[in-house]
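J.: below is the sequence, then the predicted model.
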Amino acid sequence: MIHVERIEKAEEPLEFCVIVGEDQSETKHEVTMPESVYKRLTNGKVTPERCIQAAFQFLLDREPKESILSRFDVTVISKYFPGFERDLGKYLHP
């Protein structure tokens, strides 16, 4: 289960609280995403929340939830997983 909640505020970047639950435990993450990155990754075809959920699905396919940073910007995912931006579409539109 991946629960994404947008933290409302007027300024950039977009901010989210993400809770990942599995095996009767959960982790909590604070994630930011610049509006320009959201538009580049999705062309505005899905909500920012769906984009973050897809990013976490991508991460969980590669590492346990406990290994995901507790606070990060979406742009750092590509530093750890160079194929992130190329492969994200598979998670946005399964």
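T.: Everything's here; your move. Numbers count the residues shown, from 1 in each chain.

J.: got phi/psi on the residue nearest to Leu59 when sequence neighbours are not counted?
T.: Spatial nearest neighbour of Leu59, chain neighbours left out: Ile68 (5.4 Å); criterion: C-beta to C-beta, 6 or more residues apart in numbering. Where you see a C-beta, it was placed from the backbone N, CA and C, and this is true even at glycine. With angles defined as degrees, to the nearest 10, Ile68 shows backbone torsions of phi -80, psi 130.

J.: most remote residue from this protein's center?
T.: The outermost residue of the chain, judged by C-alpha distance from the chain's mean C-alpha position using C-alpha atoms, centre = their mean, is Gln24 at 21.4 Å.

J.: what distance do you get for the most centrally placed residue in the chain to Gln24?
T.: Ranked by distance to the mean C-alpha position of the chain (C-alpha atoms, centre = their mean), the top residue is Ile52 at 3.0 Å. Computed with C-beta to C-beta, to the nearest Å, the distance linking Ile52 and Gln24 is 23 Å.

J.: next one: Glu35
T.: On the measure of C-beta to C-beta, Glu35 and Gln24 end up 36 Å apart.

J.: surely Leu88 is within a helix?
T.: Yes. For Leu88, which was evaluated using DSSP: H, G, I helix; E, B strand; the rest coil, the result is membership in a helix.

J.: against Gln24, how distant is it?
T.: Distance check for Leu88 against Gln24: by C-beta to C-beta, it reads 29 Å.

J.: show me the shaky parts of the protein.
T.: Low-confidence segments of the chain (pLDDT under 70): 10, 94.

J.: ok, back up a step: my understanding was that the residue nearest to Leu59 contacts Phe56; is that so?
T.: Yes. Counting by C-beta atoms under 8 Å, Ile68 does reach Phe56; the two are 7.4 Å apart.
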